[in-house]
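Q: fold the following and give me the result.
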Amino acid sequence: MSGLLIPASSHADGAWMDVNIRANIVANTCKINVSDGGQVQLPVVPRSWFFNTDGSNKYSANQDAGGTRFTVQVTDCDDIASGAASKLHFSFSPQSGSLAVGNKQVFANDKEQESDGAKNVGIVIFSDAFHQNVLSQDGSSDVIFDVTSKQNSFAYLTDYAFYARYQNIGQVTSGRVTSNVLVSVIYE
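A: Numbers count the residues shown, from 1 in each chain. Got it, this is the predicted structure:
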């Protein structure tokens, strides 16, 4: 199910405004828990961490370079009486609706516009099982786990590991980095 927030506004002239609302309601959702209450704490790093000695970028957004591990635990999937899920689809999206400017595989720093926010740095998330960025080059997200062999005993109701790290998108300035990311899981 998708949520929608529409800010209220008023017009002195009484003009009407058309609003288009789109939502997606699905019956095949799963309940999840994220480790540590959903807080993933990355280590403090110097600005030099982002660059090689020649000044070039150390990592690209699609380069598996490890990071801080966290898990998404699938605890229940609605309407599965027989345990017949064959695939789990994990989707990651920015809560703000915006990815980093210039790179759709990087979650933007939500603090960048604040006085103490780091500039030109965001967060990338990788699947531990596949060692791939959870965001495709176009910014879409669909990490698919085949759970066909785990159907009979509901063994797919388990922890799925991911890891997060910093990713520069230009010359980094010091400051705080925070990315609020939404995770959803559906089955087929």
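Q: count of residues packed around the closest residue to Ser96 other than its chain neighbours?
A: The spatially closest residue to Ser96, leaving aside those adjacent along the chain, is Asp110, at 5.9 Å (C-beta to C-beta, 6 or more residues apart in numbering). Every C-beta, even on glycine, is put in place using the N, C-alpha and C of the backbone. Counted by other C-beta atoms under 10 Å, the residues lying close to Asp110 total 20.
Q: try Ser174
A: Using other C-beta under 10 Å as the criterion, Ser174 is surrounded by 11 other residues.
Q: could you do Gly55 as well?
A: Using other C-beta under 10 Å as the criterion, Gly55 is surrounded by 7 other residues.
Q: state the distance from it to Arg47.
A: Using C-beta to C-beta, to the nearest Å, Gly55 is found at 12 Å from Arg47.
Q: so where's the longest strand in this structure?
A: The longest strand of the chain (DSSP state E) is strand 159-173.
Q: give the buried residues for that strand.
A: For strand 159-173, the neighbour count (16 or more other C-beta atoms under 10 Å) marks 160, 162-169, 172 as buried.
Q: what do you get for stretch 60-80?
A: For stretch 60-80, burial by neighbour count (16+ other C-beta under 10 Å) applies to 61, 64, 67, 70-72, 74, 77, 80.
Q: nearest to Phe130 among the residues you listed?
A: Asp64 (9.2 Å; C-beta to C-beta).
Q: returning to that earlier point: closest to Tyr187 out of the buried residues of strand 159-173?
A: Taking C-beta to C-beta as the measure, Tyr187 sits nearest to Tyr160 out of the buried residues of strand 159-173, at 12.6 Å.
Q: doesn't His89 make contact with that closest one?
A: No: judged on C-beta atoms under 8 Å, Tyr160 makes no contact with His89 at a distance of 11.4 Å.
Q: thinking again about what came up before, tabulate the buried residues of strand 159-173 (TSV), appending distance to Gln41.
A: Listed next are the buried residues of strand 159-173 as TSV, based on distance: C-beta to C-beta, whole Å:
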residue	distance to Gln41
Tyr160	19
Phe162	14
Tyr163	12
Ala164	10
Arg165	12
Tyr166	12
Gln167	17
Asn168	19
Ile169	21
Val172	19
